Each structure stands twice: as structure tokens, then as C-alpha cells.
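need a structure here:
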Amino acid sequence: MVKKENRAAIPEAAPGKENNQENTVAKVMNSANKNYSGMNPDSQVIALERIGKMIHDNPRAKEQFNLTDEQVTNLNEFVLTGMTTALVIDIAAKKSAWAITMSQHQFDVVKRVANDLGVTFNTKLLAAPTGDGNVSVQLNSETVNIPEDVQKAAKQEVASAEASVELDPTKFENEEDLATALNHIIVSEKGAFAKFTRTSALLRSYRLLKAGENAEEKKKIEAKSVGELLSEVFEVISTSKTINNMPIILNGFGRYIYSEVSQAMSPVLAFVKLRDASKNSAGVPSVDDDTLVGIVRTLVSYCANNSIKAEEAKIADRQKDLKVLSKDKKNNAEAIKGIEEKIATYKSNIEHFKDVIDVTHSPNSEFADDFLDDYDNPESETYRRARQAFKYITHSFYGDDFTKEANQSHIKKNVQQYIGLITNMFRSAANQFEQFSESKLIDLTAKPEDNGGSEKN
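As a prediction, the model looks like this:
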């Protein structure tokens, strides 16, 4: 387990203050519509508008919600990913027109998430950025382009969210009832992490009921990690005969987490960002480390495996073309070469997807081992990754104010240990890196650098 925050002289957030965006979003949603009960499209629109007014347009947002300047600007990309996906569903299913002023950074995130879902914006029809760098985004049938398959899926998803579904596992008659319940929770539960914890808990309960008096089977089910249960949740939904598609929200979250892991070729930054997004009003993560590991692994595998299937389909199509062209190799030599190069690229992509999956099960120690050198070397290929790690880990485990006051040499050594500790979470118990342990974390105090702290024995 990662050691809990050592905030030294920095006090915990006062009761009632929001210390992270996930909780703030939930609070705003509840204030926007007290009867809100899931992915109601109209409520999603109201929620985003209210968030814009309370956070983006509120000069006291930093103090009121205990947010950093960067958080006020960015919100939390994981939460914004979920919100964007929900709003895409709203536009696709109900064709609602809505408008909001947001920062260019926020809009860039919205565009990226939407693009991952196959949705594009006609930016020429959107208002130009204002003098303060903000953009007024007005989305309607003219400014947003949504593919027919996404519109169809969105309508099905809204119907599922608004349907009355049996959630008592003792009343399920078969796997289809289980799949319907799991799907309903994912598309209707407003909390990003609640989607995963509730579905994994429901699946475990149902499997235990089915095990009956089989003590050995019950023991196996109880021993399953959240990650293993989530993988099964996705499998149950995807193989259902009555559910035509996986929840769109999983594509949004999946691509976000996959991108984080793929870019860093390490699960550390994705883990830390999820940890930060899961904090409650007291600044404490609302889910444990094992659950966060499970979420990262499951979403990465889900997204990567979907991409592998897509690349395999491309290879199959190109091989058909190759078979036809090969009947006249002499005259089709150039075309054959081009197709073979494409196939080689697709195969290379597949290997990369597999490597990203592997890195969530057995990451190496290079990120942690090289952190201190990379942090101070702008010429290093992993300099940016090291700087990101320092930024996100210190923010998540210490808080920005304390980080500025603490002994920088000591805090960098602690960041290195945290990278190693988190890396170990994604490795088997028998293959831990012994150079990283909680005993090597330094007790930090908010004092001048030469009076920093001492290493634990």
C-alpha cells in the first residue's frame, strides 16, 4: 500500500470544502437537479452549465472549492472525459442544443474525447476565442457531426439509463438479467468510480449466489480482485444477446486511461490521476489502491483489445487485396509493396497494444530508477514524463502549497519512491522491486532546504 499523505503543517481541508473536481462535479450535479438519478441528458446539460458558472466563471472558485489555479483551469481530465461522453450522448440521443464558455484547454479535451467517440466539431461555425483565451462553445446539429452508429448507440444508452431495471441479484433468472443490471449501472450511475465498484460488487454477489453451497467455488470468487471482476463485468455485457453495444462511457474512460499508459509506457501517471480524481471532500481517496490498479488494468485491456481487433480486421482485408493482386505480381508489384507495408504497420500497432497491456501487469523499474536523472536533464527523452510525475505525485500526496515549502531534494527522492511503490502495485507479489519501500520515504517538514528531514531507518 502507498503511504498516506504526510502533509506536515498543512491542515486537512475543512469540512464542506471540495478538495477535488470529482466531488465538486457531484455536488454541482446534485444542486442542479436534486432528483437527478443517472444519465438524464437534460440534467447533464444543466450540470455542465452550472459547473461553468460555479468554477470557470467564479472568481472565488479557488478558495471556495479548495482548488489550485491549475485545477480551476483544467478541472480533472478524467472527470471531464466522463462529462464530455455524457454530453455527446445527450446531443446524439436528444439533439439538444447547449452552450457554455470554457477555457481553450478544456475545449481541447472535449474535442479529443469526442473525436475518440467518432464525433467531430465544425470549428469554423464555433465562435472565435475571446480576448481572455476562453471560447464560447455552442453545440447543435450544425456545429457537431455525429455518426449514425453513435446516434443509434446513444439512444439505446439513454433508454437503458432511464429504464426500470431489477438490481437485486437474488431475483436474476439468468446471465441476461445480470448483464442488463450491470449495463444499467454503468450508464446511469453518475459517479465515475461508483460505476466500477458497484458493478464489480454486484457481479461478486451474483456469482456467490450461483455457487450455492460449493465452498471451494465461493473461496475463489471471494479471492478475485476488483480488476478480475471488472474484466468479467465487461465480458458479461459484451457477450449479452440483448445488449447491442458496450456502454459508450467505457470508450471515453478507456481511451483516456489507455492514452495515459501508452504515452508514458508506465501505469504510474494514470494511477495517480485516478487517485486524485477519486478523492472525497476531506481529500482522501474514495477507493483503495487495489481498486485503482484494477480500473487501470481493465480499461487499458478493454481499449487495447478493441484496437487489436480493429487492426486484425484491417490485416484480413488487406490480405484479401493482396491475394487478388498476387495473381499478377509483375504488373502489381508497386501496389503489393504498398499493401505489405500497411500490413507491417498494422502488425506493429498490434505489438504496441500488447506491450501497453503488458506494462499494466509487469512494468519495469526504469521510470523510477531514472527519475532523478531525468528530472534534471532537459535533453532526456523522458524529461517531460519525469516532470509530470513530480507534478502529479506531489499534488496528490502532499498538496501544492506544502510542496513549494518542503526540502526539494528530499521531496524528489520521495517522488522516486512513490513511482517505485506504484510500479510494484502492478507487479506480482513475488516480483517486487526491493529498492522501493515505504521505509525509504523521508519525513518531510515545511522548513528551509538545509533543515529538511531524515531518512527513516
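
mind giving me the packing neighbours of the helix or strand in which residue 343 is found?
Assigned by DSSP states H and E, residue 343 belongs to helix 333-359. With contacts taken as 3 or more C-beta pairs under 8 Å, 6 or more residues apart in numbering; DSSP states H and E, helix 333-359 sits against helix 248-264, helix 289-325. No exception for glycine: its C-beta is placed from N, CA and C like everyone else's.

taking helix 248-264 as reference, get the angle to that helix.
Relative orientation of helix 333-359 versus helix 248-264 (axes from the mean of the first three to the mean of the last three C-alpha atoms, to 10 degrees): 90 degrees.

so which bits of helix 333-359 are buried?
336, 339, 342-343, 346, 349-350, 352-353, 356-357, 359 (16 or more other C-beta atoms under 10 Å).

with distance to residue 271 and pLDDT added, can I get those in CSV?
Formatted as CSV, the buried residues of helix 333-359 follow (distance: C-beta to C-beta, whole Å; pLDDT from 0 to 100):
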residue, distance to residue 271, pLDDT
336, 45, 93
339, 40, 94
342, 35, 95
343, 35, 95
346, 30, 95
349, 25, 95
350, 25, 96
352, 20, 96
353, 20, 95
356, 14, 96
357, 16, 96
359, 12, 96
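
same list (those) but as JSON lines, adding distance to residue 373.
Output for the buried residues of helix 333-359, formatted as JSON lines (distance: C-beta to C-beta, whole Å):
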{"residue": "336", "distance to residue 373": "47"}
{"residue": "339", "distance to residue 373": "44"}
{"residue": "342", "distance to residue 373": "39"}
{"residue": "343", "distance to residue 373": "39"}
{"residue": "346", "distance to residue 373": "36"}
{"residue": "349", "distance to residue 373": "31"}
{"residue": "350", "distance to residue 373": "33"}
{"residue": "352", "distance to residue 373": "26"}
{"residue": "353", "distance to residue 373": "30"}
{"residue": "356", "distance to residue 373": "25"}
{"residue": "357", "distance to residue 373": "28"}
{"residue": "359", "distance to residue 373": "21"}
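
closest to residue 239 out of these?
Lowest distance from residue 239 to the buried residues of helix 333-359 (C-beta to C-beta) belongs to residue 357, with 19.9 Å.

OK, contacts around that closest one?
When contacts are counted by C-beta atoms under 8 Å, 6 or more residues apart in numbering, residue 357 touches 300-301, 304-305.

what's the closest non-adjacent residue to residue 198?
residue 185 (5.2 Å; C-beta to C-beta, 6 or more residues apart in numbering).

host element of that neighbour?
Going by DSSP H and E, residue 185 is part of helix 175-188.

number of nearby residues for the closest residue to residue 243 other than its chain neighbours?
Nearest residue to residue 243 in three dimensions, chain neighbours excluded: residue 183, at 5.4 Å (C-beta to C-beta, 6+ apart). If you count neighbours by other C-beta atoms under 10 Å, residue 183 ends up with 26.

against residue 442, how distant is residue 183?
Separation of residue 183 from residue 442 (C-beta to C-beta, to the nearest Å): 47 Å.

kindly report the same for residue 240.
In terms of C-beta to C-beta, residue 240 sits 51 Å off from residue 442.

wait, doesn't the residue nearest to residue 198 sit right on residue 195?
Yes - the pair residue 185 / residue 195 is scored as a contact, 6.5 Å apart, by C-beta atoms under 8 Å.

coming back round to it: ok, the residue nearest to residue 198 - contacts?
If a contact means C-beta under 8 Å, 6+ apart, then residue 185 has 167, 195, 198-199, 202 as its contacts.

circling back to that earlier point, alpha carbons of the helix holding residue 185, as PDB, please.
Taking C-alpha atoms only, helix 175-188 is exported to PDB below (Å, rounded to 0.1, in the frame of the first residue of the first chain):
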ATOM      1  CA  GLU A 175     -26.900 -14.100 -17.300                       C
ATOM      2  CA  GLU A 176     -29.000 -11.800 -19.400                       C
ATOM      3  CA  ASP A 177     -30.600 -10.300 -16.300                       C
ATOM      4  CA  LEU A 178     -27.100  -9.900 -14.800                       C
ATOM      5  CA  ALA A 179     -25.900  -8.200 -18.000                       C
ATOM      6  CA  THR A 180     -28.900  -5.800 -18.100                       C
ATOM      7  CA  ALA A 181     -28.300  -4.800 -14.500                       C
ATOM      8  CA  LEU A 182     -24.500  -4.300 -15.000                       C
ATOM      9  CA  ASN A 183     -25.100  -2.200 -18.100                       C
ATOM     10  CA  HIS A 184     -27.800  -0.100 -16.400                       C
ATOM     11  CA  ILE A 185     -25.400   0.800 -13.500                       C
ATOM     12  CA  ILE A 186     -22.600   1.800 -15.900                       C
ATOM     13  CA  VAL A 187     -24.800   4.100 -18.000                       C
ATOM     14  CA  SER A 188     -26.900   5.500 -15.100                       C
END
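
residues of it that come out buried?
In helix 175-188, counting by 16+ other C-beta under 10 Å, buried: 177-188.

dump the residues you listed to TSV, plus pLDDT and distance to residue 312.
Shown next, in TSV, are the buried residues of helix 175-188 (pLDDT from 0 to 100; distance: C-beta to C-beta, whole Å):
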residue	pLDDT	distance to residue 312
177	95	32
178	95	29
179	93	25
180	93	30
181	94	31
182	94	27
183	91	26
184	92	31
185	92	31
186	90	26
187	86	28
188	85	33
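
now tabulate the residues you listed in a markdown table and tack on distance to residue 117.
Below are these laid out as a markdown table (distance: C-beta to C-beta, whole Å):
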| residue | distance to residue 117 |
| --- | --- |
| 177 | 28 |
| 178 | 26 |
| 179 | 22 |
| 180 | 23 |
| 181 | 24 |
| 182 | 21 |
| 183 | 18 |
| 184 | 20 |
| 185 | 20 |
| 186 | 15 |
| 187 | 14 |
| 188 | 19 |
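
now, which of these sits nearest residue 121?
Out of the buried residues of helix 175-188, the member with the shortest distance to residue 121 (by C-beta to C-beta) is residue 187, at 23.7 Å.

distance of that closest one relative to residue 293?
Taking C-beta to C-beta, one finds residue 187 at 24 Å from residue 293.
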